[in-house]
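Engineer: pasting the structure only:
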């Protein structure tokens, strides 16, 4: 799924997805967003703690995925510092 999601949407979709595909050998969750230390932003600006997302899929809260590998790919800023960008020029010969 690829969408702009609010805080509640992120938690709701993750809660629903964790019980699907019980025959899967591995679970992968990808989130690309803005963030802050230890959290990602929903489109509404509310922060979703990464630890909360991980907890949704642990063996205690998600028996369907217990004992299976889980891969969390999160691309988000984790602080307020701005990165300096570099202009790249391509020369075709």
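Structural biologist: Structure received. Quick caveat: nothing in here was measured; it's all calculated off a predicted structure.

Engineer: quick one: buried residues of the helix-or-strand element of the chain with minimal mean pLDDT?
Structural biologist: Least confident helix or strand of the chain, by mean pLDDT, DSSP states H and E, is helix 7-17 with a mean of 80. Neighbour counts over helix 7-17 (16 or more other CB atoms under 10 Å) mark 7, 10-11, 14 as buried. C-beta coordinates here come from the backbone N, C-alpha and C atoms, glycine included.

Engineer: what's the next secondary structure element after it?
Structural biologist: The C-terminal neighbour of helix 7-17 among helices and strands, as given by DSSP states H and E, is strand 27-32.

Engineer: what's opposite the spatially most central residue of the chain in the beta bridge?
Structural biologist: For the chain, the residue nearest the mean C-alpha position is residue 31 (3.1 Å; CA atoms, centre = their mean). Beta-bridge partners of residue 31, counted by DSSP bridges, are residue 74.

Engineer: returning to that earlier point: any idea how far the least confident helix or strand of the chain is from the chain center?
Structural biologist: Distance, stretch centre to chain centre, for helix 7-17: 11 Å (CA atoms, centre = their mean, to the nearest Å).

Engineer: what angle do it and strand 27-32 make?
Structural biologist: Orientation check (axes from the mean of the first three to the mean of the last three CA atoms, to 10 degrees): helix 7-17 against strand 27-32 gives 160 degrees.

Engineer: which parts of stretch 25-35 are buried?
Structural biologist: 27, 29, 31, 33, 35.

Engineer: list the contacts of the closest residue in space to residue 42 that isn't next to it in sequence.
Structural biologist: Spatially, and ignoring its direct neighbours in sequence, residue 42 is nearest to residue 7 (3.7 Å; CB to CB, 6 or more residues apart in numbering). The contact partners of residue 7, by CB atoms under 8 Å, 6 or more residues apart in numbering, come to 42, 44, 46-48.

Engineer: am I right that residue 55 is in a helix?
Structural biologist: Yes. Counting by DSSP: H, G, I helix; E, B strand; the rest coil, one finds residue 55 located in a helix.
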